[in-house]
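> Please work out how this folds:
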Amino acid sequence: MAVARRWVFASADMGLAQELAEALSIPVPVAAALLGRGVSDPLSAQAFLNPRLRDLHDPLAMRDMELAVFRTVAAMKAGQRIAVHGDYDADGITATALLASFFEAVGYPVRTCLPERLREGYGLSKDRIAALAAEGVRLLIAVDCGVSNVAEVAFARSLGMDTVVLDHHQPGPSLPDAAAVVDPHREDCDFPFKDLSAAGIAFYFAGALRRALVREGRIRDGEVDLKPLLDFAAIGTIADVVPLLSDNRVIVAAGLRRLNEDPRVGIVALRAVAKVAPGKPMTSGTVAFTLAPRLNATGRMGDAAASLSLLLSRDPEEAKRHAETLDRENQNRRLVEAQVLAAALKQVEDAGGPQGRIVVVAGEGWHPGVVGIVASRLVERYFRPAVVLGIEDGIAKGSCRSVKGFDIGHALKRLQHILLKHGGHAMAAGLTLEAGRIGEFVEAVRSLAEKEVPDLALVPSILVDAVVQPKDVSDALLRSLIYLQPFGVGNPEPVFALVAAQVKSSRRVGQNGEHCQMTIGDPPLRAVWFNASQCPDVGAIVDVAFTVSVDDLSGEPRLKVRDVRPAGGDGA
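Numbers count the residues shown, from 1 in each chain. Below is the predicted model:
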């Protein structure tokens, strides 16, 4: 049964929107969308609409970045073996590929490794460190992990191995005793933008290191171009669902250009197995819903090595083989995910629905590689934070996903006395605890959620950027919306609304009639409502919330309906 959505209308100053529209020669609805994103003057609007690499902040503004570069240059001067240790998700994999590619470009190839989720778990492990030390590695660069690996970094030091940490997760109460700990979330880090992905931090590190290598005379100024690495940085940034604002917006915009203009053979192969139409532009949506799930699949189901090999491959046939492996693993992931999701939903419904302001479920044998996705599905269904735990051999490992206003990473930090391990962000986190303490954890996390999950987070809502007239939905609007891309967290695709518009035609379409195709307003606009909860009657007067896209057949604007309600419904 569909849940009624709360419509929230942005309180943009339409006089200011008109002024901004005139200054930039853009439609007023687009100017209103800019105001809703905190962009209120022509200068900042120009920077937002035309993100440039020169707008990126200085990498050395990050705490310990200079130390990270210094130790790495020293290792290269001494001819020490360097290993880059990433993570098994798309962000960690692309960050590892980025650094491997950079070191190869400067003529100093490095050892790369990714943890095996089922055998090693997240982050650094002592077994892996011992194996690297036995290989002669003397500098370990931990990217997308390390900030919470205090014991492991100390162990590495005891074996004569220094560690440089390039991480973006919330630090614990104490930092590891590393040669450098680069993490924008450090309390003593003054870097202006905190929400970088690990791939973004790796890109900054490569930039700072290149600058130092030029000073040292190891490479000539202009010899090593960082722009080819932007595709890795963009994929990792999009995949890790960090806000596409400030530095991230610049990185992703530039990286998408690389993906479209000069894609790697691995990306070409991945597009092919994912059946992305040749010539179709790569967008943040393509990366998020087509590339990233396949890159993630190998690490979720076991070993992420094939994903890394795909990104680093230069041979089309080899890339094709890796891409096919990723696609098979993604199909397997979907099957396992569906099984765990069905069990999780049954557990919630058998209990009479969600209990309180957070959903917590646990099951024996639930695959640890899919619990994060299942948690996301539970958030989408129940509109509250979710924790999904898989139990094996008396240990529960799980993932959390949250809602706006409830910092799940901070919540776990306050419950660390119950947990064996934890880490993450405001919206996503991971944890490990003894199975016997699940009841204690559930009681504690529910108590926090009852106090801190906002009332409005429990009600599905749609933010409407501007109310428009049918005549406003034009080619000019479509052209201007392109400059608002890339869309994602922090910069969602603008939603507009027609108010008191008449439905001219309406019919069910799709294999099972699950979609609704209609024309609305005067002049009539073509619209489609995917997975429609209803199909409004012809002649009905309704309010319609929608995004605007290009009709693949006619090339004209088409509404993608987000919600329909009787005209004059309640809104904020």
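
> contacts for stretch 412-421?
For stretch 412-421, the surrounding residues in contact (Cβ atoms under 8 Å, 6 or more residues apart in numbering) are 122, 148, 170, 172, 395, 400, 422-424, 429-434, 437, 440-441, 444-445, 448. In this view, the C-beta of every residue, glycine as well, is placed from N, C-alpha and C.

> Skipping its backbone neighbours, what lies nearest the most centrally placed residue in the chain in space?
Central residue of the chain (Cα atoms, centre = their mean): Val241, 1.7 Å from the mean position. Among residues not flanking Val241 along the chain, Val489 sits closest, at 5.5 Å (Cβ to Cβ, 6 or more residues apart in numbering).

> and if you look at Ile373?
Of all residues not flanking Ile373 in the chain, Glu337 sits nearest, at 5.4 Å (Cβ to Cβ, 6+ apart).

> where's that neighbour, which helix or strand?
Assigning secondary structure by DSSP states H and E places Glu337 in helix 316-350.

> Any buried residues in that helix, and which?
Of the residues in helix 316-350, those with enough neighbours to count as buried (16 or more other Cβ atoms under 10 Å) are 318-330, 332-333, 336-337, 340-341, 344-345, 348.

> ok so, going back, mark which of the contacts of stretch 412-421 are buried, thanks.
Counted by 16+ other Cβ under 10 Å, those give 122, 148, 170, 400, 422-424, 429-433, 441, 444-445, 448 as buried.

> Which of these fall within helices?
441, 444-445, 448 (DSSP state H).

> can I get those in TSV with distance to Thr72 and pLDDT?
Formatted as TSV, these follow (distance: Cβ to Cβ, whole Å; pLDDT from 0 to 100):
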residue	distance to Thr72	pLDDT
Phe441	40	97
Ala444	42	97
Val445	40	97
Leu448	41	96
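
> Can you add distance to Pro228 and give those back as TSV?
Shown next, in TSV, are these (distance: Cβ to Cβ, whole Å):
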residue	distance to Pro228
Phe441	45
Ala444	48
Val445	44
Leu448	45
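
> Of all pairs in those residues, which one spans the longest distance?
Phe441 and Leu448 (10.8 Å; Cβ to Cβ).

> Which residue ranges of the stretch 51-200 of the chain form helices?
65-78, 90-105, 117-120, 126-134, 150-158, 198-216 (DSSP state H, counting those that start in this stretch).

> Now do the last one: distance to the chain's middle.
Here the centre of helix 198-216 is set off from its chain's centre by 23 Å, with Cα atoms, centre = their mean, to the nearest Å.

> pLDDT below threshold where in the stretch 1-150 of the chain?
Filtered on pLDDT under 70, the stretch 1-150 of the chain yields the residue ranges 1-3.

> Who is Glu364 paired with across the strands?
Beta bridges link Glu364 to Ile391 when assigned by DSSP bridges.

> neighbours of it, just the number please.
A count of nearby residues for Glu364, using other Cβ atoms under 10 Å, gives 10.

> how near is Leu345 to Phe530?
From Leu345 across to Phe530, the span is 22 Å (Cβ to Cβ, to the nearest Å).

> Revised request: answer the last question for Cys189.
Look at Cys189 and Phe530: by Cβ to Cβ, they are 42 Å apart.
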